Every structure is written in C-alpha cells, then in structure tokens.
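**Student:** Predicted model follows, preceded by the sequence.
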Amino acid sequence: MSDIKFEIKEELGVLSENAKGWRKEVNLISWNGAAPKYDIRDWAPDHEKMGKGITLSAEEAGRLKEVLNSVQEAGL
C-alpha cells in the first residue's frame, strides 16, 4: 500500500476532544498534491496519526451547511 501524502492548508476548527487528546477537526487539506478539500476527521495530538474521516468539495460543504441550517431551523 502506498503512503498517503497530505498537507493541512488551513486548520478551520475543533469540534471535540476526547480524554486521550484526539480531536475531531475541520481542516482544509490537500491529499496527494490535489486541490484542497474540506476534511472532517479525528487527529492524534500533533497530527501524527489520523482516524477515518470524510472529505468534501466546496460545493458539498456549502450544501452540508444548507442542510444543517434547515435542520436547526426545524428545531431538530
């Protein structure tokens, strides 16, 4: 299996942190030199290890924002 290369272009925010110091973060990341995408996943301290996550294009992130806003407005 080949190594996955990544570069965190911008750290956007932390959603939560567990007792072991792992944090669920939202970042803008370039994977294998590609254009950066929005990324949500768990990271060990200092970003030396990562958990499974999800990447979103700018369009997908915008749509997710719309969906979450509609859920909030509905009081769910």
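**Tutor:** Sure, I can see it.

**Student:** Return the distance of the longest strand seen in the chain from the chain's centre.
**Tutor:** Using DSSP state E, we find that the single longest strand of the chain is strand 6-17. Chain-centre distance of strand 6-17: 6 Å, with CA atoms, centre = their mean, to the nearest Å.

**Student:** That one - contacts with which helices or strands?
**Tutor:** Contact here means 3 or more CB pairs under 8 Å, 6 or more residues apart in numbering; DSSP states H and E; on that basis strand 6-17 packs against strand 23-31. Backbone N, C-alpha and C define where each C-beta goes, glycine included.

**Student:** Contact partners for the spatially most central residue of the chain?
**Tutor:** In the chain, the residue lying closest to the centroid (CA atoms, centre = their mean) is residue 40, at 1.9 Å. By CB atoms under 8 Å, 6 or more residues apart in numbering, the residues touching residue 40 are 15, 24-26, 53-54, 56.

**Student:** Out of those residues, give me the one that has the most neighbours.
**Tutor:** residue 25 (22 neighbours; other CB atoms under 10 Å).

**Student:** Tell me the spacing between that one and residue 66.
**Tutor:** Here residue 25 is placed at a distance of 22 Å from residue 66 (CB to CB, to the nearest Å).
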